[in-house]
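[1] here are the coordinates; sequence isn't available:
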């Protein structure tokens with residue numbers, strides 16, 4: 001049997017693609033062509049001027065020795081100031097990932113590039129949460145067989161009960177017959193941390 005492809009529009013800024021194939025159904029998040037309003041989408045690759053202003057101000061505030069670069073301790077303070085709560089190990093990993101010139105510190109450009117990636121990751125997570133609420137018709141925190149079948153019919157995709165069972169078997173890691181948010185997110189974004 002050949003794969004079938006259909007698209008489910010979840011909102012003005014979110015699309016999900018559903019591909020049926022001989023293996024169980026997999027959901028893959030895709031970005032829409034263009035949002036019709038000012039919300040960001042997971043594929044936005046630039047920061048808004050307001051975000052840049054906010055991040056530059058935080059960078060300058062916590063660059064304690066005013067040398068134009070921040071170390072891990074200063075990065076941790078910035079991130080906590082803007083509402084995040086990373087561990088020291090996470091801060092060190094961020095420095096290692098964002099430090100393109102190998103100095104062990106971040107200049108403003110490296111910092112802004114790191115923040116752009118963090119915003120992009122958060123936008124993707126937000127879109128997965130939104131998609132989950134669309135599938136979780138009764139709002140109980142789980143997607144069951146009935147809800148999955150309903151959504152598949154809603155998007156115009158004829159699926160058999162066997163295919164619904166295959167989807168649940170693939171996604172339902174704890175084998176309780178339901179897809180919870182974590183299982184759904186793993187299915188939507190394989191390999192996410």
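    Here it is on my side, so go on. Since the structure is predicted, the reported quantities are computational estimates derived from the model, not experimental observations.
[2] Tell me how many other residues crowd residue 62.
    Residue 62 has 17 neighbours, counted by other C-beta atoms under 10 Å. No exception for glycine: its C-beta is placed from N, CA and C like everyone else's.
[3] close enough to count as contact, it and residue 69?
    No - the criterion here is C-beta atoms under 8 Å, and residue 62 misses it with residue 69 at 11.3 Å.
[4] And the strands in the protein, which stretches?
    Applying DSSP state E to the chain gives strands spanning 4-9, 15-20, 26-30, 69-70, 106-107, 142-143, 179-180.
[5] now for the fourth one, which elements pack on it?
    Meaning strand 69-70. Secondary-structure packing of strand 69-70 (3 or more C-beta pairs under 8 Å, 6 or more residues apart in numbering; DSSP states H and E): strand 106-107.
[6] Just checking: what are the partner strands of the strand it packs on?
    Strand 106-107 sits in its sheet next to strand 69-70 (antiparallel), going by DSSP bridges.
[7] as a whole number, average confidence for the partner strand?
    The pLDDT scores in strand 69-70 average 96.
[8] Which residues does that strand contact?
    Outside strand 69-70, the residues within contact range by C-beta atoms under 8 Å, 6 or more residues apart in numbering are 59, 62, 63, 78, 103, 105, 106, 107, 111.
[9] let's see 7 Å
    With contacts defined as C-beta atoms under 7 Å, 6 or more residues apart in numbering, strand 69-70 is touched by 59, 62, 63, 78, 105, 106, 107, 111.
[10] Low-confidence bits of the protein, can you list those?
    Low-confidence segments of the chain, defined by pLDDT under 70: 1-45, 190-193.
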